[in-house]
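Visitor: Mind looking at a prediction? Sequence and model below.
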Amino acid sequence: MKYNILIGGIHIESSSFSVNKAKKEDFIILKDKELINNYNYFNDFDNINLIPLIHARALPDGEVSISFFEEFLKEFLNLLKEKTNEYKIDGLLLDIHGAMKVENMFDSEGYIIEKIRKISPNIKISTTTDLHGNISEKLFNNTNLITTYKTAPHIDQIETKRRALKNLIYLLDNKNNIYESFVRVPILLPGEMTSTNIEPAKSLYNSLKKIEEDKDILDASIWMGFPWVDEKRASASLSVTGINKEKVINITKKLSNKLFSIKEDFKFVSKALSLKDSFIEANNSNLKPFVISDTGDNPGAGGLGDLNLLLKEALKYKDSNKRILIASIKDSEAINILKSSNKERLNINIGNKIDPSFGPSINLDVTIINKRVINNNLMYLVRHKNIDLIITEKRFQFGKISYFNNILKEDIKTYDIVSVKMGYLEPEIKDVSKAHILALTKGSVNQDLLSLNYNNLNRPIYPFDKNFKFNKNIIIKENKNENN
């Protein structure tokens, strides 16, 4: 039997502490064949007919503008109605992040799936999410199956989406009742403390793979949560899916107890220091390139990307024998000046133009070294003494070596100190770095969570609260296949 499976969704991680709003132009929006081609790794599933709705994806940012969200959701739901009238729909693969925040709204992903249920109350939905999603009870209760990545940095996105589709087909194929659990675990930590490359997350997530070797278990997922969304649903959570209800419940209890018991064992993935001490250590080191992460302004978590705090600190070393690369600062005004000038050397104001609370721009005399367009983003490489700086028109994260190779005039390994707007290093950057420090900088994704102004967290929750009892509320849901 061939199943008609709808596919679509919206994928963005949102910081409540950013002044930015994610607008329509910030999203890559896919429809029709373009959307289907984006999931070409499903081509070997010969028992499905994949039907496109609409999918939108953006770099992590601030809250999503309500105007774009309403426009997107209207089109999504209209397409859902259209396709359900045109085809006999068997299922929906809902591809979302899980930590989207829409302005003036709470639990936006839960809101989406409730709207879907009003149109298609009996459709089988399999939801695929990010490990840093903040999963709500509303989202869980309205989806039939849910899963997430098992790696951070995320190197198993395709594997996860394939698992979500495989489990959906299993639900449609089999007469077995499928049981799924959900429990919220009162822990909220930054991703830089929960990388699956180090303990305790490494062993915790490896244990999920062993659990799934049991023929009665289809999926075991743990979400570490995203801490920069000020909502009640912001926390860790987990879910287990299987055909044996007792096993599902027992595994859920053991996993949730384990996660809560190791909450104080999570540490930063690399050495973490103040901005000042990060540069002191890098300057005193003979290892190169020595990579410093600008964690508070990480665009990969929703940072503005325009803060010049690392540049300001680097300028204290402008007369040293160390070569420094700053990658990068988002500054469209500076880009326009560089673009319109016919001079090789000029004076520009750089950074800190979006949120004045982080200080003024820096005025510098710079020499233009190179100009490139990478992923539709115009950028310049400029030099001031021993400091090379990449200025970008739009927010950008230098997470691949190919990006550096494109804009730099030399190998990244020739620099002594490289600053990136990142938290834990993406695999390719980690491979070339000889040393790494997390600079605990200010910004809209500040690692010092206790310094941020939360108003809506569900308390008590670690590390905001200590010495409290974990009162588990395990939800068990039974999925039946009415088609059989």
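Guide: Received it, and whenever you're ready, just let me know what you need.

Visitor: all strands of the stretch 101-250 of the chain, in order?
Guide: Assigned strands in the stretch 101-250 of the chain, in chain order: 124-129, 145-148, 178-185, 217-223, 236-242 (criterion: DSSP state E, counting those that start in this stretch).

Visitor: export these to TSV and tack on distance to residue 344 and mean neighbour count?
Guide: In this view, the C-beta of every residue, glycine as well, is placed from N, C-alpha and C. Below are the strands of the stretch 101-250 of the chain laid out as TSV (distance: least, C-beta to C-beta, whole Å; neighbours: other C-beta atoms under 10 Å):
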stretch	distance to residue 344	mean neighbour count
strand 124-129	48	25
strand 145-148	49	26
strand 178-185	56	24
strand 217-223	50	24
strand 236-242	52	26
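
Visitor: Just put the ones you listed in TSV and tack on distance to residue 376.
Guide: Listed next are those as TSV, based on distance: least, C-beta to C-beta, whole Å:
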stretch	distance to residue 376
strand 124-129	26
strand 145-148	29
strand 178-185	39
strand 217-223	31
strand 236-242	36
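
Visitor: Indicate which one of the ones you listed is closest to residue 197.
Guide: With respect to residue 197, and counting by C-beta to C-beta, the nearest of the strands of the stretch 101-250 of the chain is strand 217-223 at 15.5 Å.

Visitor: I'd like the strands of the stretch 101-250 of the chain as a markdown table, with distance to residue 347 and mean pLDDT appended.
Guide: Output for these, formatted as a markdown table (distance: least, C-beta to C-beta, whole Å; pLDDT from 0 to 100):
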| stretch | distance to residue 347 | mean pLDDT |
| --- | --- | --- |
| strand 124-129 | 47 | 98 |
| strand 145-148 | 48 | 98 |
| strand 178-185 | 53 | 97 |
| strand 217-223 | 48 | 98 |
| strand 236-242 | 49 | 98 |
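
Visitor: Between those, which one is closest to residue 476.
Guide: Nearest to residue 476 among those is strand 178-185 (5.5 Å), distances taken as C-beta to C-beta.

Visitor: ok, which stretches of the stretch 151-300 of the chain are helices?
Guide: Under the criterion DSSP state H, counting those that start in this stretch, helices of the stretch 151-300 of the chain are mapped to 157-173, 201-211, 245-261, 275-284.

Visitor: what's the closest of those helices to residue 49?
Guide: For residue 49, the closest of those is helix 157-173, at 12.1 Å, according to C-beta to C-beta.

Visitor: Packing partners of the closest one?
Guide: strand 3-11, strand 91-95, strand 124-129, strand 145-148, strand 217-223 (3 or more C-beta pairs under 8 Å, 6 or more residues apart in numbering; DSSP states H and E).

Visitor: One more pass at 6 Å, please.
Guide: Applying 3 or more C-beta pairs under 6 Å, 6 or more residues apart in numbering; DSSP states H and E, one finds that helix 157-173 makes contact with strand 124-129, strand 145-148.

Visitor: Any chance of TSV for those strands, columns distance to residue 72?
Guide: Shown next, in TSV, are the helices and strands packed on helix 157-173 (distance: least, C-beta to C-beta, whole Å):
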stretch	distance to residue 72
strand 124-129	17
strand 145-148	21
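
Visitor: and the chain, what are its domains?
Guide: 3-267+471-479, 271-446 (automatic domain parsing).

Visitor: need the ones you listed in a markdown table with distance to residue 456, can you?
Guide: Output for the domains of the chain, formatted as a markdown table (distance: least, C-beta to C-beta, whole Å):
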| stretch | distance to residue 456 |
| --- | --- |
| domain 3-267+471-479 | 5 |
| domain 271-446 | 17 |
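
Visitor: Ok, which of those domains comes nearest residue 459?
Guide: domain 3-267+471-479 (8.2 Å).

Visitor: and the closest one, how far apart are its ends?
Guide: 18 Å (C-alpha to C-alpha, to the nearest Å).
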